[in-house]
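Colleague: Okay, predicted coordinates and the sequence, questions at the end:
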Amino acid sequence: MKVSLFLTCLADVVYPASVGKSTVEILERFGCEVDFPKKQTCCGQPAFNSGYHRETKDVAKHMINVFKDAEYVVSPSGSCTTMLHEYPHLFEDDPEWKQKAEELKNKSFELTQFLVDVLNVKDVNAKLNAKATYHTSCHMTRLLGVTEAPMTLLKNVEGLQFTELPHKEQCCGFGGTFSVKMVPISEQMVNEKVQHIEDTDSEVLIGADLGCLMNIGGRINRQGKPIKVMHIAEVLNSR
Amino acid sequence: MSVVKTNNKDKFLNKIANSLGRERKTEGVARPKWKHQPQYEVFKGMNQDELLEQLVEQCDRIHTTAKVTKLENLPNVLKEVIDELGGKSIVNWKDPRFDEYNLNDIFEEFSNEEGNEFHVWDSTMFEENMKIAERANIGITFSDMTLAESGTVVLLSDKGKGRSVSLLPATHVAIIPKSTIVPRMSQAARKLHEMAQKGNVPSCVNFISGPSNSADIELNLVVGVHGPIKATYIIVEDK
Amino acid sequence: MAIKTGDENFFTRVDKGINNEFMRKAVATAQGRIDGRRRDSISSLGDWEEWRNHAEEIRQHTLENLDFYLEQLAENVEKRGGKIFFAETAEEANEYIKNVVSSKNAKKIIKSKSMVTEEISMNQALESIGCDVVESDLGEWILQLDDHDPPSHIVVPALHKNREQIRETFEDKRGYKKTSNPEEMALFAREQLRKDFLEAEVGITGCNFAVAESGSISLVTNEGNARMATTIPKTQITVMGMERIVPTWEELDVLVSMLARSAVGQKLTSYVTGLTGPKDEGDVDGPEEFHLVVVDNGRSKILGTQFQSALQCIRCAACINVCPVYRHIGGHSYGSIYPGPIGAVLNPLLGDYDEWKELPYASTLCSACTDVCPVKIPLHNLLIEHRRMMVEQEGKAPFAEKLAMKGYAFAASSPSIYNMGTKTAPSVMGPYSNNGFITNGPGPVKLWTDIRDLPELSKGKDKFRTWFENRDKGGN
């Protein structure tokens, strides 16, 4: 099976290779042939959520072209995958691009969703000795509708002592530009989130969206708490 | 003082039509055949006994005392309830069902007791009725329709069936003929829809589910605010 | 009260909210409790999504044919001996209401809870002609006694107050002598307000839904105050937002069933009252005269736009009860009688973007609101739509942001620029690095690093692109 990786800009620009590398290695372990279209950039969400829809269309068209020939597009992000799924709405008045956007939407998956729903994998043979909890990101659960897949995979990670995060449905306060436009509110939200994570007594916070992890992790770091932040791809690639 | 001569209707409705981008619609609109109708699935196929069971269970949740009795024992149960509520003063609807259910004797007995006040709603006495209801301890009505799901008695206003009887006294007793129990509000609404089609909806339809209450102070539930403080339902097997 | 509750700057209000410890605890508890009850109560309904779909189709059909149903309503109200008045503006509505009240020489008015009368500042209008207007909903009464403190929630208006504050208000204003026990205080309110109910010449109510087929209005309460206000006074005036209407009693059932669950987690509230015209001939209680005032006040300009679904709202506050932003800043921060996600959507529509420019941004777009809305208003999408309107139509976006977004879009749609940018960014940020993290960044990064650290940007051989390329070349 041929899979094109959509890395996302955060994993590309901000974070070191680990998240993308883990994603590639897991997919390969389950027989996928992974390619990385070099011309990929960002899903366009920063512009879209800020109301710059003309600009978003330019980005979307570029991304549609980049992944034109892909069989599947898999991304280590629930939120960015959601944005790809949003593309058809951008082209309501443009049937040609709407059609292309639909095609991209139909072949785009978040990593755990792809593993569980498409490859039918439930156990990735990972091993990680740690007390951990998982942050369910809003876009992935509510908009993309992926709730069970990460749980299914994490349950089978050997050595992982898992505690469910209380109030897991609550947003961490990232919200893209919200995190810099509404700093005082974002601060309260992320504080509460960090408190809930601490309440689970976990050593590791796992998440499937680098946006949320950058926010929560940044706050954890600022507060000097001994909690490590890991992307779910890194956890699933631990052996 | 200016007198309002017009109700401003046409100008107002034309503006709406204009906003909706079309000509004003004055006829030819019918409710569509709704695609979804989940309301008739609730308690579907339950018989009267099962509905009764649901009703009694719900009463518990809405701070309402429920008593179930056979017809022949109804007077005794009612008497018991009146005693439990502290007797003293009663106001009743003028309703032939009191006679049909052989309840006249106990009210006669009650009114003969010294210090007790007993009043039957009498439309020739105008506002005097409300004054009596206002100082009464117990108001007694029959239920015209009863909703198992929500523990609701439906009271249809009429000459003898004053709105105040279920509202102004400190406590409300509703006598519920078992045959009036339906699954939920949907069945009562259908009946009211039929009445509306014939143009004879009563001026006041009350759906009453237990005593009045409020959670406006620190979200603490307080039972008994402006309406009755206690509610008792007596469900009677029909004659 | 009007829609706007004060002139303070948004961030000043937010700051006050965040620093109000009692309020925040109260809101957090309330959210947990009300939403918990909501979840329990919908679980017994079968397929909740089917209910939402049904509610949505009812609301959409009604709005699409609003002129027809309002006309049907008007005919039936008149057929039953009631009077109906259509008010395009708040002034028109208040003028009509004042006329009715004056023609009765009424001095005391009892009111049951109504958002639309708040919206049009009806109380002030009536007070200006010398009327005593008494709120009878317990929460509203508390706020009224406390020198018109604004509501902070559309279902539980005094949510931000604790029992001790309420007790003090009762003592100061009404000589209350007992404890802060909620039951004692509620009993006190019952006694106090009973007198008002009995004296009032006019009762004024809102309207949860009007029923077109019979000219009826419905009132959904737990306290029984709306029943009192429509049973005792000789004149009843009901004020409704023009969108609050259903075709028949069958649709009323669906929406009321969902309202009670979504608002307070009850299967039905203690009282759901359907009133048709004034009292019937021979009836003793109930009003002799019934007036229905249908209010537009900015709603018609929402119809036919991409925001039309906002008019599907049934004012249940479920979106408010799950909103993480509301949770931390409280209702007063929104500066409107309509707080929370629905407020952030509605206020700029009923008012304008100048007045309400921050609200569409006071959301992380987490979509918890959209998820719980019983009538399926895509609230978070409408917030994005507001942002788009401000950027595209109104030119209200800050210049720096516009520039940044243009630059971003240019880079993100041209890979060579994007790649060059990602290569140079780490060296630009380099001087700010500290142990692998940026703790005090430049420009917009500073806003981020005000409260949290930023990972040092990946560079060179650490980057995924480098790893993947080397691997392609046979390296590892």
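Modeller: Sure, I can see it.

Colleague: List the buried residues for the helix ranked longest in chain A?
Modeller: For chain A, the longest helix by residue count, based on DSSP state H, is helix A:183-199. Buried residues in helix A:183-199, defined by neighbour count with 16 or more other C-beta atoms under 10 Å in any protein chain shown: A:183-190, A:192-194, A:196-198. Bear in mind the C-beta positions are built from the backbone N, C-alpha and C, glycine included.

Colleague: Next: stretch A:166-180.
Modeller: Residues of stretch A:166-180 classed as buried by neighbour count (16+ other C-beta under 10 Å): A:Gln170, A:Cys171, A:Cys172, A:Gly173, A:Phe174, A:Gly175, A:Gly176, A:Thr177, A:Phe178, A:Ser179, A:Val180.

Colleague: Now the terminal residues of it, how far apart.
Modeller: Counting by C-alpha to C-alpha, to the nearest Å, the length from the leading to the trailing residue of stretch A:166-180 is 26 Å.

Colleague: Of the buried residues of stretch A:166-180, which is the nearest to B:Met125?
Modeller: A:Gln170 (59.1 Å; C-beta to C-beta).

Colleague: returning to what we had before: give me the packing partners of the helix or strand just after the longest helix of chain A, helices and strands only.
Modeller: For helix A:183-199, the succeeding helix or strand toward the C-terminus, using DSSP states H and E, is strand A:204-207. On a contact count with 3 or more C-beta pairs under 8 Å, 6 or more residues apart in numbering or on different chains; DSSP states H and E, strand A:204-207 meets strand A:127-135, helix A:210-223, strand A:228-231, helix A:232-236.

Colleague: what residues does the last one touch?
Modeller: By that I understand helix A:232-236. Under the contact criterion C-beta atoms under 8 Å, 6 or more residues apart in numbering or on different chains, helix A:232-236 has outside partners A:18-19, A:22-23, A:26, A:76, A:111-112, A:115, A:124, A:126, A:128, A:132, A:134, A:150, A:153-154, A:157, A:160, A:204, A:206-208.

Colleague: Can you tell me the closest non-neighbouring residue to C:Gly81?
Modeller: Using C-beta to C-beta, 6 or more residues apart in numbering or on different chains and skipping the chain neighbours, the partner closest in space to C:Gly81 is C:Gly277 (4.9 Å).

Colleague: ugh, wrong one, B:Gly151
Modeller: Counting by C-beta to C-beta, 6+ apart, the nearest residue to B:Gly151 once its immediate chain neighbours are dropped is B:Gln58, at 3.7 Å.

Colleague: secondary structure element for that neighbour?
Modeller: B:Gln58 belongs to helix B:48-61 when elements are defined using DSSP H and E.

Colleague: Mind giving me the packing neighbours of that helix?
Modeller: If contacts are counted by 3+ C-beta pairs under 8 Å, 6+ apart, helix B:48-61 sits against strand B:64-69, strand B:181-182, strand B:230-236.

Colleague: OK, contacts around whichever residue of chain B sits closest to chain C?
Modeller: Closest approach of chain B to chain C (C-beta to the nearest C-beta) occurs at B:Gly227, with a separation of 2.8 Å. With contact taken as C-beta under 8 Å, 6+ apart, B:Gly227 is in contact with B:Ser166, B:Leu167, B:His172, B:Pro211, B:Ser212, C:Glu223, C:Gly224, C:Arg227, C:Met228, C:Ser270, C:Tyr271.

Colleague: Just the ones in strands from these, please.
Modeller: Using DSSP state E, the subset of the contacts of B:Gly227 located in strands is B:His172, C:Tyr271.

Colleague: Give me the subset of the contacts of B:Gly227 lying in helices.
Modeller: Under the assignment DSSP H, the contacts of B:Gly227 contribute C:Arg227, C:Met228 to helices.

Colleague: Between the contacts of B:Gly227, which sits nearest chain A?
Modeller: For those, the minimum distance to chain A (C-beta to the nearest C-beta) is 30.2 Å, reached by C:Ser270.

Colleague: hmm, back to that, would you mind giving me the ChimeraX syntax to select the buried ones in the contacts of B:Gly227?
Modeller: The command below creates a ChimeraX selection of those among those that count as buried (16+ other C-beta under 10 Å):
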select /B:166,167,172,211,212 /C:223,224,227,228,270,271
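
Colleague: of the contacts of B:Gly227, list those near chain A.
Modeller: With C-beta under 8 Å from any C-beta of the partner chain as the criterion, no member of these is in contact with chain A.

Colleague: quick one on the thing from earlier: okay, the buried residues of stretch A:166-180 in CSV with pLDDT next?
Modeller: As requested, the buried residues of stretch A:166-180 are exported to CSV (pLDDT from 0 to 100):
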residue, pLDDT
A:Gln170, 96
A:Cys171, 98
A:Cys172, 97
A:Gly173, 97
A:Phe174, 97
A:Gly175, 95
A:Gly176, 93
A:Thr177, 92
A:Phe178, 95
A:Ser179, 95
A:Val180, 93
